[in-house]
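Enquirer: Predicted structure and sequence below. I'll ask about it afterward.
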Amino acid sequence: MQNISFKRHRFPPEVIRHTVWLYARFTLSYRDVEDLLAERGLDISYETARRWFLKFGAPISRNLRRTRPTPSDYWHLDEMIIVIRGKRHYLWRAVDNEGEVLDFLVQPKRNARAALKLMRKLLKKQGWAPKRIVTDKLRSYHVAFRTLDLTAEHIDNKRSNNRAENSHQPVRRRERKMQRFKSPGSAQRFLNIQSATYNTFYFQRHLIKRPTFKQYRAEAFDVWESAATAA
């Protein structure tokens with residue numbers, strides 16, 4: 001994993017890591033994070049929290065992704081509308097059948113070219129093709145799959161794609177809290193960090209018992225601390 005250096009920072013690494021974790025893990029504004037830290041006696045401005053998140057969030061998210069187990073080979077693809085500076089964009093997302101966020105892409109169009117770009121990015125990152133792909137009835141997916149000669153079973157039933165549609169909910173909450181994303185690039189950067197943190201702390205709590213959940217949560221915190229350890 002990539003070592004992260006916290007040299008030349010006045011606050012200790014534990015405070016910086018905790019600040020980044022708060023903003024990435026919960027639906028908070030930078031001012032909310034400032035208030036939570038102030039309650040603990042830490043005088044840290046919201047601008048400092050923002051700078052820490054932008055500087056350390058990306059390497060932490062890369063380390064988190066390297067520690068994730070191999071996802072399922074059943075993929076769900078979907079797209080949602082986001083408005084950036086008054087213009088409509090589309091957030092293309094892919095998750096597996098267990099809710100793991102595989103990848104996403106912010107695009108100005110909802111067409112075959114955008115679907116093909118998402119699939120190429122997915123296949124390059126994962127290194128293998130899935131056995132089953134579930135989408136809605138958008139015809140652009142069919143064009144992309146034919147172009148790539150994918151042999152995976154393709155189910156284009158909107159009711160079968162609830163897994164992907166539900167995965168949009170955390171993003172929609174963050175979009176409202178942030179009063180919409182400011183640019184496609186900033187949305188991509190933020191969601192890279194948010195999705196890696198989301199995957200680490202996502203558990204299907206209704207399917208596991210309390211002792212098991214506590215064990216998984218403790219392991220998630222260990223993974224986060226390891227990914228954000230100073231050099």
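Expert: Great, that's in hand. None of these values were measured; they are calculated from a predicted model.
Enquirer: what helix or strand is the most centrally placed residue in the chain on?
Expert: Central residue of the chain (Cα atoms, centre = their mean): Ser195, 1.3 Å from the mean position. Applying DSSP states H and E as the criterion places Ser195 in helix 184-201.
Enquirer: for the closest residue in space to Glu47 that isn't next to it in sequence, what are its contacts?
Expert: Nearest residue to Glu47, sequence neighbours excluded (Cβ to Cβ, 6 or more residues apart in numbering): Tyr30, at 7.5 Å. Where C-beta positions appear, they are placed from N, C-alpha and C, glycine not excepted. Tyr30 is in contact with 23, 46-47, 49-50, 53, counting by Cβ atoms under 8 Å, 6 or more residues apart in numbering.
Enquirer: From Leu22, how far off is Tyr30?
Expert: With distances taken as Cβ to Cβ, to the nearest Å, Tyr30 is found 10 Å from Leu22.
Enquirer: Give the buried residues for the helix or strand of the chain with the lowest mean pLDDT.
Expert: In the chain, no helix or strand scores lower on mean pLDDT, DSSP states H and E than helix 162-166, which sits at a mean of 79. For helix 162-166, a neighbour-count test (16 or more other Cβ atoms under 10 Å) marks 163-165 as buried.
Enquirer: How about stretch 102-117?
Expert: Those would be 102-107, 110, 112, 114-116, for stretch 102-117 by 16+ other Cβ under 10 Å.
Enquirer: from these, which single one is nearest Arg139?
Expert: Of all the buried residues of stretch 102-117, Ala112 has the smallest distance to Arg139: 7.8 Å, by Cβ to Cβ.
Enquirer: And for Asn161, the neighbour number?
Expert: For Asn161, the neighbour count with other Cβ atoms under 10 Å is 19.
Enquirer: wait, doesn't it sit right on Ile133?
Expert: No. Using Cβ atoms under 8 Å, Asn161 makes no contact with Ile133, being 10.1 Å away.
Enquirer: can you list residues touching both of the two?
Expert: In contact with both Asn161 and Ile133: 76-77, using Cβ under 8 Å, 6+ apart.
Enquirer: who touches Arg51 in this structure?
Expert: No residues are in contact with Arg51 under the rule Cβ under 8 Å, 6+ apart.
Enquirer: that older thread, so for the helix holding Ser195, what gets flagged as buried?
Expert: Applying 16+ other Cβ under 10 Å to helix 184-201 flags 184, 187, 189-200 as buried.
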